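Peer 1: below are the sequence and a predicted model for it; my questions follow.
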Amino acid sequence: MKTVFAILAGLYVANGCQPPNCDNVDLGTCVEACCRLNWDIEGISAKAMSSMLEETLKKGGPDGGYKFWGTLPDQGPLTYVVQGLHVTNAREPTKMHYNDTLNFGVIQKEKADQIQIQAFSHSQDFITANFAYGDHGQNYKNLISILLEFPKLRYNQTHVFGCPDPKN
């Protein structure tokens, strides 16, 4: 029994979220795992922020596993929508790969240098014989890792749903 536990623990470490920023674990909030955050940001316009998000996704993001899907302006209340994908373990062909859909809704506030980003990461469920009920914290990490690529931004974060803060 100890051997089985050791093997399962090893698989979790090898295939789960790789620290840091893996503490906000979601279990089935969107049937599958997901994370929705709002970031209120000062000092940048919606156009500039959406361009920065797009370029970061195109470059593969901080771990090389991000992909850019597209950007659209004027989507209802959203000034821009930037979409992408994150592939866990993208650089390690011998490990399991998990795909998460990313959406960043950027809203221009009344002041030219104030915006809100509605950030959403959702685990895709295309893994044979597995269901993406839990994410080991990966959806939160997908989002916060992109925002941390811009260290000069001043932001206030709100959890909307999924990926609960382990401190609460």
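Peer 2: Nice, thanks for sending it over.
Peer 1: is it true that L27 touches G134?
Peer 2: Yes: the criterion here is C-beta atoms under 8 Å, and L27 meets it with G134 at 5.0 Å. Bear in mind the C-beta positions are built from the backbone N, C-alpha and C, glycine included.
Peer 1: out of these two, which sits in the busier spot?
Peer 2: Higher neighbour count among L27 and G134: G134, with 15 against 11, using other C-beta atoms under 10 Å.
Peer 1: who are the neighbours in contact with that one?
Peer 2: Applying C-beta atoms under 8 Å, 6 or more residues apart in numbering to G134 gives the contacts V25, D26, L27, G28, A33.
Peer 1: about what we covered before: overlap in contacts, L27 and G134.
Peer 2: Shared contacts of L27 and G134, defined by C-beta under 8 Å, 6+ apart, comprise A33.
Peer 1: all strands for the protein, in order.
Peer 2: For the chain, strands defined by DSSP state E occupy the ranges 34-42, 66-75, 78-88, 98-108, 114-123, 154-162.
Peer 1: export the ones you listed to a markdown table and tack on distance to P20, mean pLDDT and mean neighbour count?
Peer 2: As requested, the strands of the chain are exported to a markdown table (distance: least, C-beta to C-beta, whole Å; pLDDT from 0 to 100; neighbours: other C-beta atoms under 10 Å):
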| stretch | distance to P20 | mean pLDDT | mean neighbour count |
| --- | --- | --- | --- |
| strand 34-42 | 16 | 98 | 20 |
| strand 66-75 | 17 | 98 | 14 |
| strand 78-88 | 15 | 96 | 21 |
| strand 98-108 | 17 | 95 | 22 |
| strand 114-123 | 16 | 97 | 24 |
| strand 154-162 | 16 | 97 | 14 |
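Peer 1: export those strands to CSV and tack on distance to L143?
Peer 2: Shown next, in CSV, are those (distance: least, C-beta to C-beta, whole Å):
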stretch, distance to L143
strand 34-42, 6
strand 66-75, 11
strand 78-88, 9
strand 98-108, 7
strand 114-123, 5
strand 154-162, 10
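Peer 1: so which bits of stretch 145-153 are buried?
Peer 2: S145, I146, L147, E149, L153 (16 or more other C-beta atoms under 10 Å).
Peer 1: and L85, what does it touch?
Peer 2: Counting by C-beta under 8 Å, 6+ apart, L85 makes contact with Y66, K67, W69, N99, D100, T101, L102.
Peer 1: looking at the buried residues of stretch 145-153, which is nearest E55?
Peer 2: E149 (9.7 Å; C-beta to C-beta).
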